[in-house]
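Visitor: Build the 3D model from these lines:
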Amino acid sequence: MDRASLIGIILVVTGILSGQLLEGGQLSSLVQPAAFVIVVVSTIGAVLLQSRMSTFIRGIKLLKWIVLLPEDKSRKNVQDALVWSVVARREGFLSLERYIDSVKDPFIEKGLKLVVDGIDPERIKDVLDVDISFYEMEQRQAIKIWDAAGGYAPTIGILGAVLGLIHVMENLTDPSKLGSGIAVAFVATIYGVGLANLFFLPIANKLKEIVGKEVVRREMLADIFFSIAQGDSPRIVEERLSNHRQKKS
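Guide: Below is the predicted model of the structure:
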């Protein structure tokens with residue numbers, strides 16, 4: 001559970017609602033279904049227009065990482081890598097086959113299989129680097145839907161404001177309908193700017209950080225598999241791991 005995200009969401013909502021009350025406004029005035037439909041539905045439509053459905057769905061699934069951070073496997077990977085290097089050095093590459101079935105990470109499974117099969121170390125590095133690049137590209141494309149939403153929402157909020165003002169102009173002779181039009185105009189702008197800067201863009205930035213850490217973890221593993229396949233001693237493997245930890249920090 002990521003406390004920072006939860007605290008951030010609470011502060012955002014509390015800040016807006018408290019500010020409205022301190023200004024003497026009513027919370028109900030911020031609830032405008034018409035403005036919500038214009039901004040949210042249209043933003044989703046614009047994002048879908050620029051994205052493939054599979055990318056959009058993947059981006060929505062990543063949203064859970066904002067509150068439920070993926071497990072940090074780096075420490076366990078370091079411990080496992082030291083074991084693999086010792087076993088491979090003493091018993092040969094084929095001895096690593098017994099670890100494959102117990103591995104739940106597809107990337108680690110692929111790396112172990114390549115080492116067990118006796119693939120050239122440079123080839124192993126190339127294969128794993130391609131896998132990392134594909135993973136990063138796929139994840140960043142999914143994250144782009146939140147960046148895109150952050151870009152479209154304010155503009156669509158302005159469109160909502162214009163629609164509200166059009167409604168006002170159409171009913172100048174009927175004062176009873178002016179209030180609703182003006183409310184939609186201003187609240188649509190609030191929804192657009194608020195959702196973009198308080199939710200969509202922060203979500204995108206946090207997901208980028210999470211994916212970046214996962215890429216670093218995979219790069220560390222790729223380097224370790226390369227080292228093991230070269231026949232490096234456990235001491236060399238440990239030194240490589242130490243270098244990666246220093247880069248991470």
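Visitor: So the nearest residue to residue 50 once chain neighbours are set aside: helix, strand or coil?
Guide: Of all residues not flanking residue 50 in the chain, residue 148 sits nearest, at 6.0 Å (C-beta to C-beta, 6 or more residues apart in numbering). Where C-beta positions appear, they are placed from N, C-alpha and C, glycine not excepted. Classification of residue 148 by DSSP: H, G, I helix; E, B strand; the rest coil places it in helix.
Visitor: Just the pLDDT for residue 148.
Guide: Per-residue pLDDT puts residue 148 at 96.
Visitor: Could you list the residues in contact with stretch 56-63?
Guide: 47-48, 51, 138-139, 141-146, 203, 207 (C-beta atoms under 8 Å, 6 or more residues apart in numbering).
Visitor: Can you get me a residue count around residue 69?
Guide: The local packing of residue 69 (other C-beta atoms under 10 Å) involves 15 other residues.
Visitor: Would you quantify the distance from it to residue 3?
Guide: 10 Å (C-beta to C-beta, to the nearest Å).
Visitor: Also residue 41?
Guide: 32 Å.
Visitor: Same question for residue 212.
Guide: To residue 3, residue 212 is 20 Å away according to C-beta to C-beta.
Visitor: Between the two, point out the one with more neighbours.
Guide: It is residue 212, of residue 212 and residue 3, that has more neighbours when counted by other C-beta under 10 Å, with 13 against 8.
Visitor: nearest to residue 162, of the contacts of stretch 56-63?
Guide: Closest approach between the contacts of stretch 56-63 and residue 162, by C-beta to C-beta: residue 47, at 20.9 Å.
Visitor: pretty sure the closest one contacts residue 151?
Guide: No: judged on C-beta atoms under 8 Å, residue 47 makes no contact with residue 151 at a distance of 9.4 Å.
Visitor: Which of those two has more residues huddled nearby?
Guide: Of the pair residue 47 and residue 151, residue 47 is the one with more neighbours under other C-beta under 10 Å, namely 22 against 18.
Visitor: Helix or strand: which one has that one?
Guide: helix 42-50 (DSSP states H and E).
Visitor: And that helix, what's buried?
Guide: 42-43, 46-47 (16 or more other C-beta atoms under 10 Å).
Visitor: Check stretch 62-70 too.
Guide: For stretch 62-70, the neighbour count (16+ other C-beta under 10 Å) marks 62, 65-66 as buried.
Visitor: now stretch 196-211
Guide: Neighbour-count burial for stretch 196-211, counted by 16+ other C-beta under 10 Å, picks out 196, 198-204, 206-208, 210-211.
Visitor: same check, this time on stretch 89-97
Guide: For stretch 89-97, the buried set under the neighbour-count rule, 16+ other C-beta under 10 Å, comprises 89, 93, 96.
Visitor: Adding pLDDT, secondary structure and distance to residue 217, write those out as TSV.
Guide: Shown next, in TSV, are the buried residues of stretch 89-97 (pLDDT from 0 to 100; DSSP: H, G, I helix; E, B strand; the rest coil; distance: C-beta to C-beta, whole Å):
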residue	pLDDT	secondary structure	distance to residue 217
89	89	helix	23
93	91	helix	23
96	91	helix	19
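Visitor: before we move on, back to that, closest to residue 27 out of the buried residues of stretch 62-70?
Guide: Distance ranking of the buried residues of stretch 62-70 against residue 27, using C-beta to C-beta, places residue 66 first at 25.1 Å.
Visitor: so how far is residue 235 from the most centrally placed residue in the chain?
Guide: Centroid-nearest residue in the chain, with C-alpha atoms, centre = their mean: residue 207, separated by 2.3 Å. Note on residue 207: its distance to residue 235, by C-beta to C-beta, is 37 Å.
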